[in-house]
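In: Would you be able to build a 3D model of this:
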Amino acid sequence: METREPFLVLIVEDEEPIATALSFIIEDAGYVPLIAMHGRQALDVLRDRYPALIITDLMMPYMNGAQLIQAVRAQHRDLPIVLMTAAGPRYSATAGADEVLPKPFNVDDIEALLHRYLVRSSSDPPRSYAH
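Out: So this is what the prediction gives:
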């Protein structure tokens, strides 16, 4: 049986406790979290790594979540991006996110999100993996 590396999930969040909580949830689900503290740092990460999913905050310094989504979509149109915000779902369409995750979130919401975007059957072709 083929052994597959776990999916990478890029967390873009400027509040360290939230980034850490997401990281633990993602790790516990069997995936590899990558953390960027703002949009510009996320673009630096994307130069070397290609995650299977990006979860980004909306309000961040240097480059906010909407600007990050626009920059990522210019290069990686099919990469799933989830926007986290307390502002509500109205930002999904205008920001270009695939989905909006309300803040505060709960563990079940994150686990369901990971399942929707990352669970694959044994017949699915490989996507983005850790190196």
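In: can you give me the helices in the chain?
Out: When secondary structure is read from DSSP state H, the chain shows helices at 16-28, 39-48, 65-75, 91-95, 107-118.
In: out of these, deepest packed?
Out: Burial of the helices of the chain is given as mean neighbour count (mean count of other Cβ atoms under 10 Å); helix 65-75 ranks first at a mean of 18. From N, CA and C alone the C-beta is placed, and that goes for glycine too.
In: now what about it, what contacts it?
Out: If you take Cβ atoms under 8 Å, 6 or more residues apart in numbering as the criterion, helix 65-75 is touched by 12, 39, 42-43, 46, 54, 56-59, 63, 79, 81, 83-85, 91, 94-97.
In: Would you mind getting the angle between it and helix 39-48?
Out: 20 degrees (axes from the mean of the first three to the mean of the last three Cα atoms, to 10 degrees).
In: just for the chain, where's the confidence low?
Out: By pLDDT under 70, the weakly predicted segments of the chain are 1-4, 88-94, 120-131.
In: Pro17 versus the most centrally placed residue in the chain, what's the distance?
Out: Computing the C-alpha centroid of the chain and ranking residues by Cα atoms, centre = their mean puts Ile54 first, at 2.0 Å. The spacing between Ile54 and Pro17, counted by Cβ to Cβ, to the nearest Å, is 20 Å.
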